[in-house]
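**Q** no letters, just coordinates:
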């Protein structure tokens, strides 16, 4: 891990994922770009589910369509970079955040913590997702499950510390 941190401006999750992906499927141009296409496609479905959960089925379909035809989404679906993974994990994090806030189920909380941790290990922008979720939690949901929420945020930060000391 020390070798990964030295001189690397990005967290390691995407690079570790691509290391094992390339070991299985090779390092051709198609092979290294394919995970981004997978993550972008998953993001379309996740945006549908998140929007449906927040609003209704019609809104979910419209939101998914907008993501599917977004020039940025199409562009980054073709890049061999971590941005599609960041958005896929970020949308999943928001979906699990919403489910946890509504249900207080431990399984949703654990999945939320895991996905959020992977998101910040993908790109530091993942902290922005956590920041927005914390604002939403304390504005709308804090009367329920505040202790579990704070514990989850502490766990996420604790498990980021081994990498975070390289800031």
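**A** Sure, I can see it. Since we're looking at a predicted model, the values are computed, not measured.
**Q** okay, buried residues for stretch 98-110 please.
**A** Residues of stretch 98-110 classed as buried by neighbour count (16 or more other C-beta atoms under 10 Å): 98, 99, 100, 101, 108, 109. Quick note: C-beta positions are derived from backbone N, CA and C, even for glycine.
**Q** closest to residue 148 out of those residues?
**A** residue 109 (5.9 Å; C-beta to C-beta).
**Q** so for that closest one, what's the nearest residue that isn't a sequence neighbour?
**A** Nearest residue to residue 109, sequence neighbours excluded (C-beta to C-beta, 6 or more residues apart in numbering): residue 100, at 5.0 Å.
**Q** what's near enough to touch the one you found?
**A** Residues near residue 100 by C-beta atoms under 8 Å, 6 or more residues apart in numbering: 108, 109, 112, 145, 149.
**Q** mind listing which of the residues you listed are in helices?
**A** Among the contacts of residue 100, the residues falling in helices (DSSP state H) are 108, 109, 112, 149.
**Q** next secondary structure after the host helix or strand of residue 58?
**A** Element membership for residue 58 (DSSP states H and E) is helix 57-69. Counting by DSSP H and E, the next helix or strand C-terminal to helix 57-69 is helix 71-77.
**Q** in the chain, which helix is the longest?
**A** The chain, longest helix under DSSP H: helix 29-54.
**Q** ok now that helix, how far from the chain's centre?
**A** Remark: helix 29-54 is offset 11 Å from the chain centroid, using C-alpha atoms, centre = their mean, to the nearest Å.
**Q** what helix or strand is the residue nearest the centre of the chain located in?
**A** The centroid of the chain falls nearest to residue 89 when counting by C-alpha atoms, centre = their mean (1.9 Å). Element membership for residue 89 (DSSP H and E) is helix 83-103.
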